[in-house]
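J.: here is a sequence together with a model predicted from it:
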Amino acid sequence: MPYKERLYPWVLVRLLPKMQRLTVGQFRTRSDADGHLEILRRLVPGGKFAVIFNPDLLESQQADTCDRRFDR
């Protein structure tokens, strides 16, 4: 995973039927994601949105640093 993607662990998703989700945006801070969520709720009143934390981004980042430590 590119370094740039790891900088944005907060994800704003639109919840769809049948347990599907559509990623609307990725954000560096929770407050940025919440701000965009409020705007989307006003623009799309019938839509269901959620802010989630993507731990996969941090796990891959920790794995990269562990690999670098042991490569020495």
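T.: Structure received. Residues are numbered from 1 along each chain as shown.

J.: give me the low-pLDDT residue ranges for the chain?
T.: In the prediction, the chain carries residues with pLDDT under 70 at positions 1, 5, 57-72.

J.: quick one: the helices in it?
T.: Along the chain, the stretches classed as helices by DSSP state H are 3-6, 30-43, 55-70.

J.: spatially central residue for this protein, please.
T.: The chain has residue 11 as the residue nearest its centroid, 2.3 Å off, counting by Cα atoms, centre = their mean.

J.: for that one, what are its contacts?
T.: 23, 25-27, 33, 51-54 (Cβ atoms under 8 Å, 6 or more residues apart in numbering). In short, each C-beta sits where N, CA and C put it, glycine included.

J.: and residue 53, how many neighbours?
T.: 12 (other Cβ atoms under 10 Å).

J.: and if you look at residue 8?
T.: 16.

J.: over to residue 29?
T.: Neighbours of residue 29 using other Cβ under 10 Å come to 11.

J.: with the one 3 residues further on instead?
T.: Using other Cβ under 10 Å, residue 32 has 16 other residues around it.

J.: ok, now which ones touch the residue nearest to it when sequence neighbours are not counted?
T.: If the residues on either side of it in the chain are set aside, residue 32 comes closest to residue 10, at 7.2 Å by Cβ to Cβ, 6 or more residues apart in numbering. Residues in contact with residue 10, defined by Cβ under 8 Å, 6+ apart, are 26-30, 32-33, 51-54.
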